[in-house]
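Engineer: need a 3D model of the sequence below.
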Amino acid sequence: MSTNDWFHDFFHGLAVDFWVAVAPSADADLPFLEKAFDAPGGAILDVACGAGRHSIPLARRGYRVTGVDLSTTFLDEARRRSEAEALSIEWHRGDMRDLPWRYRFDGALCFGNSFGYCDREGTRAFVRTLAASLKPGAAFVLETGATAESLLPSLQPRRWMEVGDILFFSSATYDAAASRLDVDYSFVRGSVRESATAHTWIYTVAELRELFATEGLIVEQLCSSATGDPFRLGDPRLLLVARKKG
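Structural biologist: Down below sits the predicted model:
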């Protein structure tokens, strides 16, 4: 698998079990999202949706949610969770670079650091097809911890943690010529050990603003938290709100 398409084979097995276990609750994000969307009961696109961390609570609040992910393992878990609550969510397996909808959604979100998984050409394709899927005036909310302003001041080359019965190890290097973070991951549960490599292309906030603007998405807010604190150098999290011109 090439560097550009590493995510096709990454999210299965222990990697998925770890990400599901470590992901924080979406509850604190919901008021921020609802305020940005300003579309009660509207059609919302969640990409990449993972196991439905945000899709499911948004559906509970009456939104008509479509969740997109490339991982069948994540989608199977998302479907299991939503069916357990009898929630009507459209789960769609697909590549974020090739979203099929036009002028369908009242809002969209991309949470959990999946932005930047594609190379620069692929990320431009994602932003282009995402913008095309939104109605004029619809908001797009991006969450990422992988802007240059967040990542580089405090980059940790090596990390480890224990989550439940899974041990997690990572070793990161930054390719300055490519503005890309390359990370070797290992996950261990008992006698089972699985390893994989991930790549994230890094953008400055100014580059994000310019990228979105080229597709008609105008950045309105740059926050470091769901309570609306302004984003500053070194903040570990960016919440960006952009709105489609129209």
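
Engineer: hey, let's count contacts and neighbours off CA atoms from now on
Structural biologist: OK.

Engineer: ok, residue 84 to residue 56 distance?
Structural biologist: 11 Å (C-alpha to C-alpha, to the nearest Å).

Engineer: please say which of these two ends up with more neighbours.
Structural biologist: residue 56 (23 against 9; other C-alpha atoms under 10 Å).

Engineer: which residues does the more buried one contact?
Structural biologist: 81-82, 87, 89 (C-alpha atoms under 8 Å, 6 or more residues apart in numbering).

Engineer: name the element it belongs to?
Structural biologist: helix 55-60 (DSSP states H and E).

Engineer: all helices of this protein, in order?
Structural biologist: Per DSSP state H, the chain carries helices over the ranges 14-22, 30-37, 55-60, 72-84, 120-133, 148-151, 205-214.

Engineer: so for residue 191, which of those helices sits nearest?
Structural biologist: helix 14-22 (12.2 Å; C-alpha to C-alpha).

Engineer: buried residues in the closest one?
Structural biologist: Neighbour-count burial for helix 14-22, counted by 16 or more other C-alpha atoms under 10 Å, picks out 14-20.

Engineer: same check on stretch 73-84?
Structural biologist: Under 16+ other C-alpha under 10 Å, the buried positions of stretch 73-84 are 73-75, 77-79, 81-82.

Engineer: and for stretch 91-111?
Structural biologist: Applying 16+ other C-alpha under 10 Å to stretch 91-111 flags 91-92, 94-97, 99, 105-111 as buried.

Engineer: follow-up on the earlier one: could the helices of the chain go into CSV alongside mean pLDDT and distance to residue 185?
Structural biologist: Shown next, in CSV, are the helices of the chain (pLDDT from 0 to 100; distance: least, C-alpha to C-alpha, whole Å):
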stretch, mean pLDDT, distance to residue 185
helix 14-22, 88, 9
helix 30-37, 98, 30
helix 55-60, 98, 27
helix 72-84, 95, 18
helix 120-133, 98, 23
helix 148-151, 98, 17
helix 205-214, 99, 27
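
Engineer: Throw those into JSON lines and include distance to residue 43, thanks.
Structural biologist: JSON lines is the format used below for those (distance: least, C-alpha to C-alpha, whole Å):
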{"stretch": "helix 14-22", "distance to residue 43": "25"}
{"stretch": "helix 30-37", "distance to residue 43": "10"}
{"stretch": "helix 55-60", "distance to residue 43": "10"}
{"stretch": "helix 72-84", "distance to residue 43": "17"}
{"stretch": "helix 120-133", "distance to residue 43": "11"}
{"stretch": "helix 148-151", "distance to residue 43": "31"}
{"stretch": "helix 205-214", "distance to residue 43": "21"}
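
Engineer: domain-wise, how is the chain divided?
Structural biologist: 3-145+204-244, 151-198 (automatic domain parsing).

Engineer: closest one of the contacts of residue 56 to residue 67?
Structural biologist: For the contacts of residue 56, the nearest to residue 67 is residue 89 (7.3 Å; C-alpha to C-alpha).

Engineer: tell me how many other residues crowd that closest one.
Structural biologist: Around residue 89 there are 20 residues (other C-alpha under 10 Å).

Engineer: ok, it - contacts?
Structural biologist: 55-56, 59, 64-67, 82.

Engineer: now do 6 Å
Structural biologist: By C-alpha atoms under 6 Å, 6 or more residues apart in numbering, residue 89 lies in contact with 65-66.

Engineer: relative to residue 52, how far out is it?
Structural biologist: Counting by C-alpha to C-alpha, the gap from residue 89 to residue 52 is 10 Å.
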